[in-house]
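1. turn this into a structure:
(2 chains)
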Amino acid sequence: MAKVLVVTSGKGGVGKTTSTAALGAALAQRGEKVVVVDFDVGLRNLDLIMGAERRVVFDLINVAQGVAKLSQALIRDKRLESLWLLPASQTRDKDALTDEGVRDIIADLRTKFDWIICDSPAGIERGATLAMRYADEAVVVTNPEVSSVRDADRIIGMLDSKTVKAEQGEQIKKHVLITRYDTSRAARGEMLNIDDILEILAVPLLGIIPESQDVLKASNVGSPVTLNNAASQPARAYIDAARRLSGETVDMVVPTEQRRGFMDRLLGRRAA
Amino acid sequence: MDAKVEPQRQVMRLRGRSYVAFVFSPFMPIMNWLEEIDATLAQSPGFFAGRPIVLDLAAVELSSHGVAHLVSNLETRGIRVLGLEGIEPDGLDPKLPPVLSGGRGCVVEQVEPKKVEVLPPPPPAPSLLLRSPVRSGQRIVYTEGDVTVLGSVGSGAEIVAGGSIHVYGTLRGRAMAGINGNSDARIYCQKIEAELLAIDGYYQTAEDIGETLRRQPAQAWLDGDVLRITPLN
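-> Residues are numbered from 1 along each chain as shown, chains lettered A, B, ... in the order given. This is a model prediction of the structure:
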């Protein structure tokens, strides 16, 4: 049974696209057939993070409007056989998306893939509502700070009311993914801690992704962090999250500060 | 190019239309009959207002002068005569209403104002129960009674109730109770971090809520025209 997963947040810049790519790659590495769909029409980024920006010919809007076939728009990842990308259009805006167009594309993708991961744009408008419209599950991405958490709460409310599943009286399965988590800052009270976030959102936790330079490095070379450096802390957290999505029970690891090596300790105090 | 459109010539058109009118049939002596009319008028003064009548004079023999006198007598009572019936038109004063013929009897339905059946109002639903948390941006309006939330009310959410508000979780959003002027309404919550509390129009914002109360179980109630927030325990 194909699963449609929307990665959403309300607030921009919290790591939706990074998480979409990382989770998509992690699921594909487990042998599942995955497509990541960019819904951020007009401000597409997923093609860059996936390193496929030079191979985009047709896009989501072309398929929705019948200009291109789905098979023409899908781009296969060069590193993973079972990972595909359906890019967004950069020259159009969100109004080019229609409910029927999205419905037909999702229905078509369901016949071809195990996981359809929709990268939602920020906001609560048309693009975001259409990205979540046909989802079975949702990953709500939030940073450990109040504005992001409140926006996540707003999005959860919309997941419970504006999706097809909700309108049919069913529950859409929701997960919280906390990104850019910095243990030392949380300990100093400069960030919301995990319990506060979970208490506010009342949604099960999918994973905690630590703040890390590895995420930036990976996106700069156009690779999901789980592929670029699978041993890094954020990659391990994403891989664990992907396992939880597939139904495995994995102990939650709260990222701790990496122990510094001898040389790091010697040279770690370099003046900035 | 100017094309002149000839205005269409207005052709006189005759249309038929029928109305239902009351017919009065006076009897002799006329004075008694007029007294009866007066008695009816005394009971319901506005009875003939806007209801012109037709006078059927078949049962009485009146001279042209007598007819004019009767018509003017009725007019002083506010009864306008639409036409005459049962009399030869010859020799009548032309100022009198015209003589009608060919009238057909019909049943005049007495239009009485229907008695509105007073149904007892359905018992107001005592409360609205919300089993899931109220999320940021959601607005719950229930003017009929109490609202109970089994969960938290998120920052940026709003609950509006005609009665009291009960939150079995953290109240982070806004709660407005007793909005229909119910000053006995109260707001209860397990943990107070509200942005705004209001009862019957009296409100306090987060800034006004004492720091010692924050994150404690609390209730808000109206003491005269002062909104008080006190711990629940």
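
2. chain B contacts on chain A?
-> By C-beta under 8 Å from any C-beta of the partner chain, the residues of chain A that approach chain B are A:124, A:146, A:150-151, A:153-154, A:156-158, A:160-161, A:199-200, A:202. Every C-beta, even on glycine, is put in place using the N, C-alpha and C of the backbone.

3. most neighbours among these, which one?
-> Using other C-beta atoms under 10 Å in any protein chain shown as the neighbour criterion, residue A:153 leads those with 29 neighbours.

4. let me know the secondary structure of whichever residue of the stretch 1-150 of chain A sits closest to chain B.
-> Taking C-beta to the nearest C-beta, chain B has its nearest neighbour within the stretch 1-150 of chain A at residue A:150, 4.9 Å off. With DSSP: H, G, I helix; E, B strand; the rest coil as the basis, residue A:150 sits in helix.

5. what separation do you get for it and residue A:7?
-> Counting by C-beta to C-beta, to the nearest Å, the separation of residue A:150 from residue A:7 is 19 Å.

6. now swap in residue B:84 and tell me
-> In terms of C-beta to C-beta, residue B:84 sits 91 Å off from residue A:7.

7. swap in residue B:100?
-> 86 Å.

8. so the two - more neighbours on which side?
-> For residue B:100 versus residue A:7, neighbours defined as other C-beta under 10 Å are more numerous around residue A:7 (30 against 17).

9. I'd guessed the more buried one sits against residue A:116; true?
-> No: the pair residue A:7 / residue A:116 is not scored as a contact, 11.2 Å apart, by C-beta atoms under 8 Å.

10. can you name the residue of the stretch 101-250 of chain A nearest chain B?
-> In the stretch 101-250 of chain A, the residue that lies nearest chain B is residue A:157 (2.8 Å; C-beta to the nearest C-beta).

11. what helix or strand is residue B:203 located in?
-> strand B:202-205 (DSSP states H and E).

12. nope, residue A:238 is what I was after
-> helix A:233-245.

13. show residues contacting that helix.
-> A:5, A:19, A:22-23, A:26-27, A:29-30, A:137, A:139, A:175, A:177, A:206-210, A:212, A:214-215, A:225-226, A:228-230, A:250, A:252-253, A:255, A:258 (C-beta atoms under 8 Å, 6 or more residues apart in numbering or on different chains).

14. separation between the residue nearest to residue A:69 when sequence neighbours are not counted and residue A:168?
-> Nearest residue to residue A:69, sequence neighbours excluded (C-beta to C-beta, 6 or more residues apart in numbering or on different chains): residue A:63, at 7.2 Å. Residue A:63 is 26 Å from residue A:168, where distance means C-beta to C-beta.

15. those two: who's more crowded?
-> For residue A:63 versus residue A:168, neighbours defined as other C-beta under 10 Å are more numerous around residue A:63 (23 against 7).

16. so which helix or strand takes in the more buried one?
-> helix A:60-64.

17. show me what that helix is in contact with.
-> A:37-39, A:41, A:68-70, A:72-73, A:86-89, A:92, A:96-98, A:101-102, A:104-105.

18. filter those residues to the buried ones?
-> Buried by 16 or more other C-beta atoms under 10 Å in any protein chain shown: A:37-39, A:41, A:68, A:70, A:73, A:86-89, A:92, A:96-97, A:101-102, A:105, out of the contacts of helix A:60-64.

19. show me what contacts residue B:167?
-> By C-beta under 8 Å, 6+ apart, the contact list for residue B:167 reads B:148, B:149, B:152, B:153, B:159, B:175, B:187, B:188, B:189, B:190.

20. on the pLDDT front, check the spatially closest residue to residue B:221 that is not a sequence neighbour for me.
-> Excluding the flanking residues, the one nearest residue B:221 by C-beta to C-beta, 6+ apart is residue B:186, at 4.6 Å. Looking at residue B:186, its pLDDT reads 96.

21. now swap in residue B:212 and tell me
-> 90.

22. if I look at it, how far off is chain A?
-> Per C-beta to the nearest C-beta, to the nearest Å, residue B:212 is found 20 Å from chain A.

23. I'd like to know how many residues surround that residue.
-> By other C-beta under 10 Å, 8 other residues sit near residue B:212.

24. what does residue B:85 give?
-> Every residue meeting other C-beta under 10 Å relative to residue B:85 is counted, giving 17.

25. go ahead and confirm it touches residue B:104.
-> No: taking contacts as C-beta under 8 Å, residue B:85 lies outside contact range of residue B:104: 11.7 Å.

26. which among the contacts of helix A:233-245 end up buried?
-> The neighbour count (16+ other C-beta under 10 Å) marks A:5, A:19, A:22-23, A:26-27, A:29-30, A:137, A:139, A:175, A:177, A:206-210, A:212, A:214-215, A:225-226, A:228-229, A:255 as buried among the contacts of helix A:233-245.

27. take those residues and keep only those in strands.
-> Using DSSP state E, the subset of the buried ones among the contacts of helix A:233-245 located in strands is A:5, A:137, A:139, A:175, A:177, A:206, A:207, A:208, A:209, A:210.

28. near chain A, which residues of chain B?
-> Going by C-beta under 8 Å from any C-beta, the residues of chain B near chain A are B:132-138, B:151-152, B:154-157, B:170, B:172.

29. low-confidence regions, chain B specifically.
-> B:1-11, B:106-116, B:122, B:124-125 (pLDDT under 70).

30. for whichever residue of it sits closest to chain A, phi and psi?
-> Of all residues in chain B, residue B:135 sits closest to chain A, at 2.8 Å by C-beta to the nearest C-beta. Dihedral angles of residue B:135 (phi, psi; degrees, to the nearest 10) stand at phi -90, psi 160.

31. which non-adjacent residue is nearest it?
-> Closest to residue B:135 by C-beta to C-beta, 6+ apart is residue A:157, at 2.8 Å.
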